[in-house]
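A.B. asks: how does the following fold in three dimensions:
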Amino acid sequence: MDEFINTIETNRQVFKKKLDIATIVAACILGVGIILLIIGITFSNSICFIIFVLTLIISCLIYGISYATYNKKYLNTFIGDLDKKAIELNYGDNYFYQADGGVGFETMDSSRCINRPDEFYSSKLFASHIEGVSFTSSNYLFKYYHYRTDKDGNTERTVNLYRGRFIKFDFPRELNAFLSIMEKHAIDEMIKDPRLGDKLEFEYMEFNKKFKVKTSDELKANYIITPQVQVNLVDFDNAFNSELICVFIDKSVYVFMHEYAEKMTLGIYKKFDQKVFDNYANEFIIPKLVMDALGLDNDKYTNTNL
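C.D. replies: This is a model prediction of the structure:
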């Protein structure tokens, strides 16, 4: 792992030096332009001002194109292997990963809590199997179009975007029940409140303030949402900047971390070390954390003899 991290950092330094040279060239051109601007202001020379504008445009183009080029080249040297290394750190070889793949809309729609979008995209398909429970996860992007026609007959289209992370857990035991746990702020154009089930509240007031629970079977809901699970979900929701939805349907749990964005960003100006790698790898622990929060490795989900 040390060799992998050192190789990435070495490549970053190589591309950063090339970017630094381009930055210096852009700064020199801009410097000449600033000098001409001062001369133009002093002697009321409009040509100097025009040249300054041209140097400003040229310097911005040089830096912008150079940054985009070298940053992309740097990331392309390792980003595919980085995902695999990060997953293997937590799951060994027990996984499937496809960066340009994703969970299909039909699977997410089976949760009964989303409205059909005008466009749908998913990426970073990730699947594994832990303690008798399998899961499939991916990022998602939903697009909804809205049209407005003015009095002159001109039509304007606006697009609303909703993104986040989806996880579907499958376990052996049949629950024969429907249960939805939805953060109250999550209901919007994409997320809908399922009509199925009756509203249920618990003694833990902080949980009731955050989440709305509906179920088709109150006894099973209390069996699933134990006091510890309530605490776990509140803690998980506080730890991640998302709007959490969990829907139990028979032998599956559909989890939406709505409006969640990955915290770790990588770039040519960010030194790559063990801490950066660990933070990046932690993104792939999220399914494990959700599984632990809901207690999905418990006998109530994995033991078919109960």
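
A.B. asks: next up, the contacts around residue 134.
C.D. replies: Counting by C-beta atoms under 8 Å, 6 or more residues apart in numbering, residue 134 touches 127-128, 169-171. Every C-beta, even on glycine, is put in place using the N, C-alpha and C of the backbone.

A.B. asks: average model confidence for the helix or strand where it lies?
C.D. replies: Using DSSP states H and E, the element containing residue 134 is strand 133-149. Average pLDDT, strand 133-149: 94.

A.B. asks: the stretch 101-250 of the chain: strands as residue ranges?
C.D. replies: 119-130, 133-149, 155-170, 178-183, 198-200, 211-215, 243-249 (DSSP state E, counting those that start in this stretch).

A.B. asks: can you put the ones you listed in JSON lines and add distance to residue 279?
C.D. replies: Below are these laid out as JSON lines (distance: least, C-beta to C-beta, whole Å):
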{"stretch": "strand 119-130", "distance to residue 279": "16"}
{"stretch": "strand 133-149", "distance to residue 279": "17"}
{"stretch": "strand 155-170", "distance to residue 279": "16"}
{"stretch": "strand 178-183", "distance to residue 279": "25"}
{"stretch": "strand 198-200", "distance to residue 279": "37"}
{"stretch": "strand 211-215", "distance to residue 279": "28"}
{"stretch": "strand 243-249", "distance to residue 279": "21"}
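
A.B. asks: quick one: closest of these to residue 36.
C.D. replies: Proximity to residue 36, assessed across the strands of the stretch 101-250 of the chain by C-beta to C-beta, is greatest for strand 155-170 (42.6 Å).

A.B. asks: which elements pack onto that closest one?
C.D. replies: Strand 155-170 is packed against strand 133-149, strand 252-258, helix 286-294, with contacts defined by 3 or more C-beta pairs under 8 Å, 6 or more residues apart in numbering; DSSP states H and E.

A.B. asks: dump those to a markdown table, plus distance to residue 246.
C.D. replies: Formatted as a markdown table, these follow (distance: least, C-beta to C-beta, whole Å):
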| stretch | distance to residue 246 |
| --- | --- |
| strand 133-149 | 13 |
| strand 252-258 | 5 |
| helix 286-294 | 7 |
